[in-house]
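Enquirer: A predicted structure for the sequence below; I have some questions about it.
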Amino acid sequence: MPPTARSFRLLQDFCWAVALALSSSGCYAYHITGNRVPPATEARSQTQVAYLWGVVQPNDIVPPNCPKNVPLADVTARTNLGYALITTVTLGIVSIHELEWRCAKDSGEVKVLRAAAKGSEG
Amino acid sequence: MPKPYLHIERNQTWTNKHQNVTGKVAAYYDVWNRWEDQSKDPVSWRPGMAGLQQAIRDAEAAKASVRAFGGSWSLSGAAYCPDFMLNTKPLNAINVGIRPENLRAGTNGDRLLFAQCGASVQEVHDTLARHNLALKTSGASDGQTLAGAISTGTHGAANQIGAMQDSVVGIQLLTEHGASHWLERASQPLVSPGFLQLIDTPVANHHLDDDLFDAALVAFGSFGVVHAYLIETVPLYSLEAYSRRLDYSQVVHTLETLDVAPLGLPEGATLPYHFEIAFNPYRLGAGQKGAFVRFMYKRDGSTPDPTTPLPGGHRPGDDLLGVIGTLSDAIPGAIPTLVNQIMDMELQPYEALRATPGYTFGPTSIRGRGMSTEMGFGLQHIRRAVEIIAEVANGFPFGGVVAVRYVKGSRALLAFTQYEPTCTVEIQAVDSARSQEAYERIWAKLEDESIPFSFHWGQVLPYKPAHYRWIYGSRLERWQAAKAKLLTPAGRKLFSNDLVRGVGLE
């Protein structure tokens, strides 16, 4: 194969590969994570839509998988190329984000085996 | 007793941390240390234990299999089951120091740790450090739960210590109908009847049996659901870490002998507490500096906690590994350059960085698709094994890097660190069909040359029962006999999954 044809083929391969990679990805992600706060749950998410440049916004999410008084370990906000296009095409009237969270754990350290009187608590 | 609080989701999709294992789950349970009204108990683990027992009974009633999982760290199918999956991460009760009345006469419990299955390695590190104690060893990162890490044989590179399971001295297992069992070695009995009462375990279910204990240590969920462990700890120490870059030819003697004298380390011929060598398989030639030696000396006492990292700036995106995987499948010719760039960027040399184990091995915030396989070799085979990996990589480039660590042989019957010492070879790679193909070529070539090697149960491995029979031999038979002592055939099926069946262990 002459060098020009080879270069063209290589460029073609590269373009296909980049297109393939982008189609399988293309997510923008923003994370908030607690300092040494391990998660108790797997990630759960909801897609949220705000309208009219934020004049109408979605209700707060109260994570249904976190028990009472359990805070969040981390939060991720995601958007992607498709959502960004929708926002552009609608001139900002529709804005879509996916919000993902993981619940934190209850406090772990206990003193039962050390502090309990013999026979009590067990 | 009140009912436990369980958050149940039907037909949920579960994906592991590294995103290379995913599947539908008919019944997904979050199990918490709370009663149904979400209140807690003075004995904090009791609701969680009741929750696990309830979930096991639910699975039996549905004639289904059940599997507990933790940090979702495993890259094999160890944690996955399509029927019932129990998230144990909320079960994190940790008790440091055991009172004398809970132990046999003459046993000192000051350095014993009682921890529930879902306590993460990071939580355990942090809690122990507050008591001036530490785990003897852990894995390279700290996001796994104790049960996930221990039951798959997770290890570090503390060559005189062993893997994580080698510090365990007691196991609480929940089996058929949720029955609670306490396992110890007959050669190392520790607890008193008072302790059994505290963990709601009948005296009749107290097993003092070396083989049963050594079998259940590394059983990846197939002996039942692990509820808690008793673990030996040591006074808090810190690790003085170094990373140096050398030529392959400079480290090859050490690689196959563990004689570090020629390396010119700060303490000469003394083998550091932690010793590992990472290789760039595309740069093993003279002058290419393709070997990265990372070693750590153990020092007494603590160090101040480092400041919180990542105050701003940017990092590689969550999808980058996936993009690289796709690109590498499409343009394999670019892989060696890519690996060179990544290793140059990620493995910077450093000298005498000191931190406690909890900060040396964590925290980890892995995101994105990746895969990894890890094999165990005897010292006499390690050089040839590394060369085979390099040969495969250079003939069939894939986006992977190689790390060799040294671990003391384990008593656990199915520990993959069964050789004395075991050289573990981990090949981390981007998740792609090409990486999988490269793994298979490496495994086939090792078998062609009759080099015996084991597989880490928590990493990518082949479903070839004959291989495991060859490697474990009578240890595997003893493991199966121990399981049959504890579980009926129905119980063995209840706690089985594709991996257990695939490797011929049901």
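Expert: Arrived safely, thanks for sending.

Enquirer: Any regions of chain B where pLDDT drops low?
Expert: B:307-312, B:315-316, B:320, B:363-366 (pLDDT under 70).

Enquirer: how about the longest strand that it contains: buried residues?
Expert: Ranked by residue count, the top strand of chain B under DSSP state E comes out as strand B:22-35. Residues of strand B:22-35 classed as buried by neighbour count (16 or more other Cβ atoms under 10 Å in any protein chain shown): B:25, B:26, B:27, B:28, B:29, B:30, B:31, B:32, B:33, B:34, B:35. Quick note: C-beta positions are derived from backbone N, CA and C, even for glycine.

Enquirer: and chain A, which of those residues contact it?
Expert: Restricting the buried residues of strand B:22-35 to those near chain A by Cβ under 8 Å from any Cβ of the partner chain leaves B:30, B:32, B:33, B:34.

Enquirer: Could you identify the most distant pair in those?
Expert: Using Cβ to Cβ, those span at most 11.4 Å, a distance reached by B:30 and B:33.

Enquirer: Mutual contacts of these two, please.
Expert: residue B:90 (Cβ atoms under 8 Å, 6 or more residues apart in numbering or on different chains).

Enquirer: Pull up the residues of the stretch 51-200 of chain B that are close to chain A.
Expert: B:72, B:87, B:89-90, B:92-99, B:101-102, B:114, B:118-120, B:122-123, B:126-127, B:130, B:143, B:194-195, B:197-200.

Enquirer: Would you state the helices of the stretch 1-150 of chain B in chain order?
Expert: B:46-61, B:121-130, B:146-151 (DSSP state H, counting those that start in this stretch).

Enquirer: Nearest to the spatial middle of chain B, which residue is it?
Expert: The centroid of chain B falls nearest to residue B:154 when counting by Cα atoms, centre = their mean (2.5 Å).

Enquirer: That one - nearest residue in space that isn't next to it in sequence?
Expert: Residue nearest to residue B:154 in three dimensions, not counting chain neighbours: residue B:139, with 4.3 Å by Cβ to Cβ, 6 or more residues apart in numbering or on different chains.

Enquirer: Now do the contacts for that neighbour.
Expert: Here residue B:139 is in contact with B:121, B:149, B:154, B:155, B:156, B:164, B:361 (criterion: Cβ under 8 Å, 6+ apart).

Enquirer: Toward the C-terminus, what is the element adjacent to the helix or strand of chain A with the lowest mean pLDDT?
Expert: For chain A, scoring each helix and strand by mean pLDDT, DSSP states H and E identifies helix A:3-23 as the least confident one, at a mean of 60. Next helix or strand after helix A:3-23 toward the C-terminus (DSSP states H and E): strand A:27-33.

Enquirer: which outside residues touch that next one?
Expert: By Cβ under 8 Å, 6+ apart, strand A:27-33 touches A:73-80, A:84, B:317-319, B:365, B:367.

Enquirer: Switch the residues you listed over to TSV; also include secondary structure, distance to residue B:455 and neighbour count.
Expert: Listed next are those as TSV, based on DSSP: H, G, I helix; E, B strand; the rest coil; distance: Cβ to Cβ, whole Å; neighbours: other Cβ atoms under 10 Å in any protein chain shown:
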residue	secondary structure	distance to residue B:455	neighbour count
A:73	strand	32	21
A:74	strand	32	18
A:75	strand	37	17
A:76	strand	33	19
A:77	strand	39	15
A:78	strand	35	18
A:79	strand	40	18
A:80	strand	37	16
A:84	helix	43	14
B:317	coil	31	16
B:318	coil	28	19
B:319	coil	29	21
B:365	coil	27	13
B:367	coil	25	19
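
Enquirer: coming back round to it: tell me the most buried of the helices of the stretch 1-150 of chain B?
Expert: Counting by mean count of other Cβ atoms under 10 Å in any protein chain shown, helix B:146-151 has the highest mean neighbour count of those, with a mean of 29.

Enquirer: Name the nearest residue to residue 92, ignoring sequence neighbours.
Expert: Assuming you mean chain A. Nearest to residue A:92 is residue A:53, by Cβ to Cβ, 6+ apart, at 5.2 Å.

Enquirer: meant chain B actually
Expert: Residue B:92 sits nearest to residue A:108 (Cβ to Cβ, 6+ apart), 3.9 Å away.

Enquirer: Quick check: pLDDT value at that neighbour.
Expert: For residue A:108, the pLDDT comes out at 87.

Enquirer: what's the burial count for it?
Expert: For residue A:108, the tally of surrounding residues (other Cβ atoms under 10 Å in any protein chain shown) stands at 23.

Enquirer: how about it, what does it touch?
Expert: With Cβ under 8 Å, 6+ apart, residue A:108 has these contacts: B:92, B:93, B:94, B:119, B:123, B:127.

Enquirer: of those, closest to chain A?
Expert: Ranked by distance to chain A (Cβ to the nearest Cβ), these are led by residue B:92 at 3.9 Å.

Enquirer: In CSV, list the contacts of strand A:27-33 along with distance to residue B:467.
Expert: Shown next, in CSV, are the contacts of strand A:27-33 (distance: Cβ to Cβ, whole Å):
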residue, distance to residue B:467
A:73, 39
A:74, 39
A:75, 43
A:76, 39
A:77, 45
A:78, 41
A:79, 45
A:80, 42
A:84, 48
B:317, 37
B:318, 35
B:319, 34
B:365, 34
B:367, 32
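
Enquirer: Now for these: which two are most distant?
Expert: A:73 and A:84 (27.8 Å).

Enquirer: Where do the strands of the stretch 351-500 of chain B begin and end?
Expert: B:370-378, B:400-407, B:422-430, B:454-455 (DSSP state E, counting those that start in this stretch).

Enquirer: how about these, which one is nearest chain A?
Expert: strand B:422-430 (11.3 Å).

Enquirer: Just confirm yes or no for the closest one near chain A.
Expert: No - if you take Cβ under 8 Å from any Cβ as the test, strand B:422-430 misses chain A, and the best it gets is 11.3 Å.

Enquirer: Starting from that strand, tell me which strands it pairs with and how they run.
Expert: The sheet places strand B:422-430 alongside strand B:370-378 (antiparallel), strand B:400-407 (antiparallel), with pairing taken from DSSP bridges.

Enquirer: and residue B:449, which of those is closest to it?
Expert: strand B:370-378 (11.9 Å).

Enquirer: Residue B:273 contacts residue B:296, doesn't it?
Expert: Yes - contact criterion Cβ atoms under 8 Å: residue B:273 and residue B:296 qualify, at 5.7 Å.

Enquirer: For these two, indicate the residue with more neighbours.
Expert: residue B:296 (24 against 20).

Enquirer: Quick check: beta-bridge partners of the more buried one?
Expert: residue B:241, residue B:274.

Enquirer: Might one say that it is in contact with residue B:356?
Expert: No - using Cβ under 8 Å, residue B:296 is not in contact with residue B:356, being 11.6 Å away.

Enquirer: Residue A:87 and residue A:95: what is the separation?
Expert: 5 Å (Cβ to Cβ, to the nearest Å).

Enquirer: Give me the residue ranges of chain A where confidence is low.
Expert: A:1-26, A:114-122.

Enquirer: can you tell me which residue is nearest the centre of it?
Expert: residue A:76 (3.6 Å).

Enquirer: residue contacts, that residue?
Expert: A:29, A:30, A:31, A:32, A:43, A:45, A:99, A:100, A:101.

Enquirer: for the closest residue to residue B:383 other than its chain neighbours, helix, strand, or coil?
Expert: Excluding the flanking residues, the one nearest residue B:383 by Cβ to Cβ, 6+ apart is residue B:256, at 4.4 Å. The three-state label given to residue B:256 by DSSP: H, G, I helix; E, B strand; the rest coil is helix.
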